[in-house]
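Undergrad: any chance you can model this:
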Amino acid sequence: MSVLWQRVRGWPRAIPGGRVGLRLSVMAMIDAVGTGAFLAVSVPFITRSVGLSVGQLSLGLTLSAAIALATAVPIGILADRIGPKKVLVGVSLWRCACFVLYPFVQNLWQFLTVVCLLGLVDKAAAPMEQALVGQVTATEDRVRVVAVLRSLRNVGFTVGALLGGVGLLIDTRVGYGAILLLNAVSFAVLAALAHRLPVLSTPAKSLRRRFSVDALRDRPFLSFTGINAVLTMHMTLLSIGIPLWIVEHTEAPAAVISPLVAVNTVLAVALQVRASRGTETIAGSARGLVRAGVSLAVCCLLLVAAPKPPVVVGVGVLLLAMIALTAGELFQSAGGWGGSYLLAAPGQEGVYLSVFWLGVAVQQIAAPVVVGVVITTGTTGWVVLAALFAACGLAAPLIGRWAQAQADRRAQQPPALAEAT
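TA: Have a look, this model is predicted:
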């Protein structure tokens, strides 16, 4: 017991980044708990308490997503002007205000107003958080810090979903409203904690005005963003692809879906930091994406094999497929974080990371359609998807070398020339 107690007492010191890393960890947990609780009750609140249809709900979410895509890069440009910490504080307070209003929604127009206001900053939070980690932690710690934050977020989402379950059990407008206000409080606390973070580096003062053009013309960075976006399809495979494939095309009982998802969650929490090791360089990030592409390709091929064996063997194959999917998720996350930091032009991290996360957002819109086609076409679809994952992963080292050469040329330019180009 004494050994266990010593480990519990010592875990804060084990977090990379020291006291700052610990503060970031607390922020990640608070954010994830609030968001997880909100996600659990948001649809029932709108459809049961407000009385909107599924079509009206989808309309609001679609409009919100479109606004979020349009505002992400401008907010990134703002972050390069005033710093990601100030922007994250502002974004958190904005979201807090929106979620204070959320419980009072009574009709379609009020719902559209609130979700569109949320959409203004919805895709800005993730790149701002990542950019802030780059400013408040040492270079050698930042990828490991982000890995720890992701592990804690998985735990926080689970805790939040359990809290949201309380609201679902109560199943009244008051119960749902309490959960929504809890989410608002989480963003207020997040803003307060972010405001107190000490910044190790400040945004580079640049005379350039067209930051968005720079990021969108950086072909190595856009190529890296593109292959990373494809590899993030593991999220849709986990939430939609594998469950549908199990239910519609295998002999395995639907009851295995929850345990398989639990395996993914546990492995992601336990192994994310380990998977991030060695991704602090461009070459290391590229190797991470290679492993991700191969792992996801293996997952797809195992899913093809799942319908054929007896049920017990089929469940075993599905378990192997989930393990391969989780490996792809872990390596993609680590490789994507490391590469996005390293490939961003100095002084323009805000807008570069915003463009990087836009790739993920576009994937989230397109991937359900792609996965639907894959499931419909069966074996052929899975084999083609496996080939796509493998090709994207294997392309990463080439893109990494291309990007490294461009970064070297940028570093060799005199400051005046660098500002002019």
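Undergrad: now do the phi/psi pair for S276.
TA: Backbone geometry at S276, expressed as degrees, to the nearest 10, gives phi -80, psi -10.
Undergrad: OK, contacts around R274?
TA: By C-beta atoms under 8 Å, 6 or more residues apart in numbering, no residues touch R274. Yep, even glycine has a C-beta here, placed from its N, CA and C like the rest.
Undergrad: element containing A292, please.
TA: Taking DSSP states H and E as the criterion, A292 maps to helix 282-305.
Undergrad: likewise Q130?
TA: helix 125-136.
Undergrad: residue ranges with poor pLDDT in the stretch 251-400 of the chain?
TA: The stretch 251-400 of the chain contains no residues with pLDDT under 70.
Undergrad: gap between the spatially most central residue of the chain and S92?
TA: In the chain, the residue lying closest to the centroid (C-alpha atoms, centre = their mean) is A126, at 7.0 Å. Separation of A126 from S92 (C-beta to C-beta, to the nearest Å): 13 Å.
Undergrad: with A283 instead?
TA: 35 Å.
Undergrad: neighbour count: those two, which is higher?
TA: Between A283 and S92, counting by other C-beta atoms under 10 Å, S92 is the more crowded of the two (26 against 18).
Undergrad: buried residues, the helix or strand that one falls within. List them.
TA: Using DSSP H and E, S92 falls within helix 84-101. Using 16 or more other C-beta atoms under 10 Å as the test for burial, helix 84-101 gives 84-100.
Undergrad: stretch 131-138 too?
TA: A131, L132, V133, G134, Q135, V136, T137.
Undergrad: quick one, what contacts the third one?
TA: In other words, V133. Contacts of V133 (C-beta under 8 Å, 6+ apart): L24, R142, V145, V146, L149.
Undergrad: the second one too?
TA: Residues in contact with L132, defined by C-beta under 8 Å, 6+ apart, are P84, K85, L88, A194, L197.
Undergrad: hmm, try it at 7 Å
TA: P84, K85, L88 (C-beta atoms under 7 Å, 6 or more residues apart in numbering).
Undergrad: how far away is the second one from M128?
TA: Spelled out, it's K85. Counting by C-beta to C-beta, the gap from K85 to M128 is 8 Å.
Undergrad: tell me the contacts of V311?
TA: E251, A252.
Undergrad: and with 6 Å instead?
TA: Residues near V311 by C-beta atoms under 6 Å, 6 or more residues apart in numbering: E251.
Undergrad: hang on, the earlier thing: correct me, but the residue nearest to the centre of the chain touches W357?
TA: Yes. The pair A126 and W357 passes the contact test of C-beta atoms under 6 Å, sitting 5.1 Å apart.
Undergrad: what packs against the strand or helix carrying L353?
TA: In the assignment (DSSP H and E), L353 maps to helix 349-377. When contacts are defined as 3 or more C-beta pairs under 6 Å, 6 or more residues apart in numbering; DSSP states H and E, helix 349-377 packs onto helix 54-82, helix 125-136, helix 211-217, helix 219-231, helix 234-236.
Undergrad: may I see these organised as JSON lines, with mean pLDDT added?
TA: Output for those, formatted as JSON lines (pLDDT from 0 to 100):
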{"stretch": "helix 54-82", "mean pLDDT": "90"}
{"stretch": "helix 125-136", "mean pLDDT": "90"}
{"stretch": "helix 211-217", "mean pLDDT": "65"}
{"stretch": "helix 219-231", "mean pLDDT": "94"}
{"stretch": "helix 234-236", "mean pLDDT": "93"}
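Undergrad: redo the ones you listed as CSV? Include distance to A345.
TA: Below are the helices and strands packed on helix 349-377 laid out as CSV (distance: least, C-beta to C-beta, whole Å):
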stretch, distance to A345
helix 54-82, 10
helix 125-136, 13
helix 211-217, 6
helix 219-231, 8
helix 234-236, 28
